[in-house]
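S.K.: give me a model of this one.
(one chain, ligands or ions: 1)
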Amino acid sequence: MLTLTNIKKSVSQHTDVVLFRNISLQLRVGEWVSIVGPSGAGKTTLLNCIAGIQGGDQGSIELDGMEIHQLTNDERSNVRRLHIGFVFQDFKLLPYYSVLENVILPLARDKKKEQLTAKAKSLLEQVGIGEGYYHRLPSALSGGEKQRVAIARALINDPKLIICDEPTGNLDNDNKGQVLHILHTLKQKEHAIIVVTHDEEVAREGDRIYELKNHSLNEVGVKDVRDKLEENS
Ligand SMILES: Nc1ncnc2c1ncn2[C@@H]1O[C@H](COP(=O)(O)OP(=O)(O)OP(=O)(O)O)[C@@H](O)[C@H]1O
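M.R.: From the prediction side, this is the model:
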């Protein structure tokens, strides 16, 4: 369902710096891929390229037969809104909208409000965010609460592809367990999942684990993950 072929990406600092090159990866329906790697290696940038938030310099990214970077901006944002769930490392909740509104917003112009509100409430319940939080603004939430609201928002469109950037970074063990359980259930329901993480337990949930380091993406054996994470910390 997702095929990356020879992706290259540079960023401009003082001069152009190649973050990664020759990145190829296939993700099938019902698969979970974990990506680890040192801070600054380009993991978030790679996820942004996959979701069409940032452009790549070379290569192709195909999602369900669509070449993401050949779509117009509007088409790309529609693909993101309708088919991709993105859990951002920094949550990206809209500050002047309530918890419930943040979860509903991606589909606000596509579906009836009552239907969306019911789904949003059910997703919030699954991530342990109760009724008392529905009308709070993000500024009145803890980091872990924001992360769980961001996860609920990412799932409102029942996405084929779920992209998570450090989805458990701010969570205690109970909440981390809940989020892993949700992702597992989605995987069983044939969603495809990519998770960037610095957490060994989360990384090990992947069917395959890759390390992004020194500009390239390489598969890592399950038994080597702890060493890789320790090397990178
Ligand atoms: N628009 C940009 N312009 C210049 N440099 C950038 C830009 N975006 C990212 N970078 C740099 O590219 C590098 C990779 O950033 P990225 O956030 O993708 O890394 P990461 O592997 O996700 O790191 P972390 O694990 O700390 O989140 C960093 O050094 C960052 O400063």
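
S.K.: beta-bridge partners for Val11, please?
M.R.: Beta bridges link Val11 to Val17, judged by DSSP bridges.

S.K.: was I right about it contacting Leu19?
M.R.: Yes: taking CB atoms under 8 Å as the definition, Val11 is a contact partner of Leu19 at 5.8 Å. (Each C-beta comes from the backbone N, C-alpha and C, glycine too.)

S.K.: so the two - more neighbours on which side?
M.R.: Leu19 (20 against 12; other CB atoms under 10 Å).

S.K.: follow-up on the earlier one: spell out which residues are contacts of both of Val11 and Leu19.
M.R.: Among the neighbours of Val11, those also in contact with Leu19 (CB atoms under 8 Å, 6 or more residues apart in numbering) are Thr45.

S.K.: any low-confidence regions in this protein?
M.R.: The model of the chain has pLDDT under 70 over residues 14.

S.K.: tell me the buried residues in the longest helix along the chain?
M.R.: Of all segments of type helix in the chain, defined using DSSP state H, the longest is helix 173-188. The neighbour-count check on helix 173-188 (16 or more other CB atoms under 10 Å) flags 175-176, 178-180, 182-183, 186-187 as buried.

S.K.: outside of stretch 34-43, which residues touch it?
M.R.: With CB under 8 Å, 6+ apart, stretch 34-43 has contacts from 9, 19-20, 46, 165, 194-198, 202-206, 208-215, 217, 220, 225, 228-229, 231-232.

S.K.: first-to-last residue distance for that stretch?
M.R.: 11 Å (CA to CA, to the nearest Å).

S.K.: roughly how far is that stretch from the heart of the chain?
M.R.: 13 Å (CA atoms, centre = their mean, to the nearest Å).

S.K.: Leu19 - that's part of a helix, no?
M.R.: No: Leu19: not assigned to a helix; according to DSSP: H, G, I helix; E, B strand; the rest coil it is strand.

S.K.: tell me how far it lies from Ala118.
M.R.: Distance of Leu19 to Ala118, computed by CB to CB, to the nearest Å: 42 Å.

S.K.: check Asp158 too.
M.R.: For Asp158 relative to Ala118 (CB to CB), the value is 14 Å.

S.K.: and Gly37, by the same measure?
M.R.: According to CB to CB, Gly37 and Ala118 sit 39 Å apart.

S.K.: now swap in Pro159 and tell me
M.R.: Taken as CB to CB, the span from Pro159 to Ala118 is 18 Å.
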